[in-house]
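*Asks:* Got a predicted model here, sequence first, then my questions.
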Amino acid sequence: MIQVNNNPFPYDNNMTISDILKKKKYMDHMIVVRINGNHVRPEEYNTKVVKDGDDVKVIHLFGGG
Amino acid sequence: MQIEKLRSEHKLLTEFKYDLQPIEKGYANRTLYINLSENHIESQPVTQFMKDKFVGGKGFGLYKLWHAVKPETRWQDPENEIIIAPGPVAGITQYPGTGKSLVVSISPLTDMIIDSNVGGYVGPFLKFSGWDALEIQGKAEKDVIIVIDGNDGTVKIEEAPLEAVDGHVLGEQLTEMYAKDEDDMRNVSVVTAGTAAENTLIGLLNFTFYDTRKKVARLKQAGRGGIGTVFRDKKVKGIVIRYAGTHGNMNNVDDIAPINKAGITIHKQIDKLDDVQCRMRQVGTANIVEVMDAYDLLPTHNYQYGSHKDTVKIDSHTFIKNYLSQNSPDGCWYGCSLSCAKAAEGFKLESGPYKGDKVCVDGPEYETAAGCGSNIGVFDAHAILELNFYCDTYGIDTISFGTLTAFVMECYERGIITKEQTGGLELTFGNKWAAYELIHQMSRGEGFGKIAGLGIRKMKDVFVNEFGADRDFLNDIGMEQKGLEYSEYMSKESLAQQGGYGLTNKGPQHDEAWLIFMDMVNNQIPSFEDKAEALHYFPMFRTWFGLCGFCKLPWNDTTPESNATADEPAKMPEHVQNYVNIFNGVTGLSIDRDELIRQSERVYNFQRIFNIRMGKGLRVHDATPYRSMGPVTKEEYLSREERYDGQLKDIIGLDPTEMSLEDKMAATRKHREAQYEKLTDAVYKRRGWTPNGVPTVEKLSDLGMDLPELVEVINKHL
């Protein structure tokens, strides 16, 4: 199990940031991703592998109204 | 256009001459007072007290209105005012989004203070003409226009019997009439309302800016709260402000270097990133239609649902492909590189008195696309632009029109009202022709449009008292609070946004706080204390834009690259520092981020106490309709049954498999309503208010706002 935005989320082996975005149906632009507080650059989303127990934050920088 | 014929019928009622003087560090240091009942015009000083306590813009508007009205004054009383005020920063051209004005009045919808922000050239031209605010009181006997010439130093009130009332016509007429030649049209800005503003309570004000490429007076709106209705009730047909000679340092700023530095940085950022971020330059605020739909946040069929299979027909790509001009300089003030003011040129109307005309439609903004689109079940881009055009030219608010039409359509579909009561209008979701006819009736002041134009709160009274409707159910589904119609976001799954709508001064308008993503999607503010902090910081921060003359959009609709590693990315810290630097550069003061918030707190608490003085502004007035919190009907619950059942199990600790649908809905409602009450407690505490929502003397003292007249008001409630 990992944490995604402070909520438990099932962990899969070799899960990448892109996998998480897809499963959570998050947009893939205008976001900031951090794993255990460390920033992940957009070009790393397809390759950055998450480890079991990691704390992932996907922060949508969406201004809205 | 027979301009000379129109002008020949003008009758000069009074003329006021004044000395021209330079602006000093963002302030003209005087305000313009006009009394239409007495045809009296005078100059009033801006005091240091006003600057220290109220900054400018909305702050000046509230200060002036406080001293103009009594607690029992209501919108149609002559002493009610309309105050238009830019702020000290308004009119700089080095940074995007610096041409805003705030308009303040007593609202016909809420019977308390309304403020509405608006772009266009009126605010900057007003200041360049020598005035930090325009204060209009009294009522004229016949239709008048007010003409301010900032080069000649004159203010005139003229009877104007022949000009049109509808905004798109009147804007053109007055621009042509008061420009010295075609090139001078860019120096004329006009305020109008429209024919429906006369016959409804949802009237707006159009502020023009002349588009030299399209050769048309474009319209930006002070939309919320019915100020256009007050405008026409005072028999003001239009306001003209002419100022020629705008240049890059009209404000005579204290130090232009930090302003230039901030401007250059953000212009480069927008140029590099806007096309992959919000695409403001391509589509404006309507870029978020499809995003809201994807996250189940797009109000659909009167906020019952948050998405629809046909949203693709009204998404941003459809508007870009089929309607909106591209690569056009669409800033509503000079220097705005974000350029969100999109327009559909040569748009052919299919209904109403202008049927067949090809017109320029400003928009649609997101709010209009959702309110006049998905929320009324009209997934038709042409129809949205048609309603957008008529709302603007008739002078009514697209948000209130969309939300009240959605309410009416749900009432019609549920049999609460019938064809008999609507005068034959089949007000079913998706019936654009019925929506067209409704708006034309509002313009003519006829039929069911007259009832609908009262707004949802007063419509509920009519439906209950005259049609026998169930009050409780209407209160649940009628998306108004404090008398103002909700703007166009689903807040059911975001407790913080429920507070962002409900725990406001003027009513459910998102310009105080838009926390849906921060709360619902990002889960950045999970505790009540976290939400309360956000519902303190963001309303105060956003209030500040309206004190200074800034637009909100360049704050967080373009994101600096530094935000990726920022501690508090939702606050856009790099941009906040830009604002601090610009304010200090203009005024010569040396505020920091904390003082910025305190400047807003002074005004925000003043407005709260102003509402209390008028018999509003307490906890009971911050209650919200249940549809803003959760599913009112079985259909709503069943449409998201997995979500709601999951919450019963995981959050409330009940087993939904053992419960009837009615019991599940009741348990959900009980929980959500309790959550809102807990949130209210936390927010009031953070803001320094009592559990009844009254600012404390200690809080006012801390802010330096323990003024005797404010303490006198709150002492009655402590």
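*Replies:* That came through, no problem.
*Asks:* For residue 20, which residues are in contact?
*Replies:* Looking at chain A here, since you left the chain open. For residue A:20, the contact set (C-beta atoms under 8 Å, 6 or more residues apart in numbering or on different chains) comprises A:4, A:9, A:26, A:50, A:56, A:58. Every C-beta, even on glycine, is put in place using the N, C-alpha and C of the backbone.
*Asks:* I was after chain B.
*Replies:* So residue B:20 contacts B:130, B:150, B:151, B:153 (C-beta under 8 Å, 6+ apart).
*Asks:* doesn't residue B:18 make contact with the last one?
*Replies:* Going back to what we said before, that points to residue B:153. Yes - Residue B:153 is in contact with residue B:18 according to C-beta atoms under 8 Å; the separation is 5.0 Å.
*Asks:* more neighbours, these two?
*Replies:* Neighbours per residue (other C-beta atoms under 10 Å in any protein chain shown) separate residue B:153 from residue B:18, with residue B:18 holding more: 19 against 15.
*Asks:* quick one: which helix or strand includes the residue in the stretch 401-550 of chain B that chain A sits nearest to?
*Replies:* Nearest to chain A in the stretch 401-550 of chain B, going by C-beta to the nearest C-beta, is residue B:510, at a distance of 3.5 Å. Assigned by DSSP states H and E, residue B:510 falls within no helix or strand.
*Asks:* Number of residues surrounding the closest residue to it other than its chain neighbours?
*Replies:* Spatial nearest neighbour of residue B:510, excluding adjacent residues (C-beta to C-beta, 6 or more residues apart in numbering or on different chains): residue A:65 at 3.5 Å. Using other C-beta under 10 Å, residue A:65 is surrounded by 21 other residues.
*Asks:* So residue A:65, which state does it fall into?
*Replies:* Per DSSP: H, G, I helix; E, B strand; the rest coil, the secondary structure class of residue A:65 is coil.
*Asks:* if I pick residue 5, what's in contact with it?
*Replies:* Using chain A. A:56, A:57, A:58, B:521, B:522, B:523, B:524.
*Asks:* my question was about chain B
*Replies:* Counted by C-beta under 8 Å, 6+ apart, residue B:5 has contacts residue B:162.
*Asks:* Relative to chain A, how far out is it?
*Replies:* From residue B:5 across to chain A, the span is 44 Å (C-beta to the nearest C-beta, to the nearest Å).
*Asks:* Please, which helix or strand holds that residue?
*Replies:* Counting by DSSP H and E, residue B:5 is found in helix B:3-8.
*Asks:* same thing with residue B:674?
*Replies:* helix B:661-687.
*Asks:* Now do the helix or strand following that helix: which elements does it pack against?
*Replies:* For helix B:661-687, the following helix or strand on the C-terminal side (DSSP H and E) is helix B:697-703. Contacts defined by 3 or more C-beta pairs under 8 Å, 6 or more residues apart in numbering or on different chains; DSSP states H and E place helix B:697-703 against helix B:593-613, helix B:708-715.
*Asks:* Tell me which residues touch the closest residue to residue B:421 other than its chain neighbours, please.
*Replies:* The shortest distance from residue B:421 to any non-neighbouring residue, by C-beta to C-beta, 6+ apart, is to residue B:467 (5.9 Å). Going by C-beta under 8 Å, 6+ apart, residue B:467 touches B:416, B:417, B:421.
*Asks:* What count of nearby residues applies to the closest residue to chain A within the stretch 251-400 of chain B?
*Replies:* Per C-beta to the nearest C-beta, residue B:277 is where the stretch 251-400 of chain B lies closest to chain A, at 5.6 Å. If you count neighbours by other C-beta under 10 Å, residue B:277 ends up with 19.
*Asks:* Need phi/psi at it.
*Replies:* phi -110, psi -110 (degrees, to the nearest 10).
*Asks:* Hmm, residue A:30 and it touching each other?
*Replies:* Yes - the pair residue B:277 and residue A:30 qualifies as a contact (C-beta under 8 Å) at a distance of 5.6 Å.
*Asks:* what about the helices in chain A?
*Replies:* Under the criterion DSSP state H, helices of chain A are mapped to A:17-24.
*Asks:* Now do the same contact list for residue B:489.
*Replies:* Taking C-beta under 8 Å, 6+ apart as the test, what residue B:489 contacts is A:64, A:65, B:292, B:297, B:299, B:497, B:510, B:514, B:516.
*Asks:* nope, residue B:371 is what I meant
*Replies:* Neighbours of residue B:371 in contact, by C-beta under 8 Å, 6+ apart: B:299, B:398, B:399, B:401, B:402, B:403, B:406, B:487, B:488.
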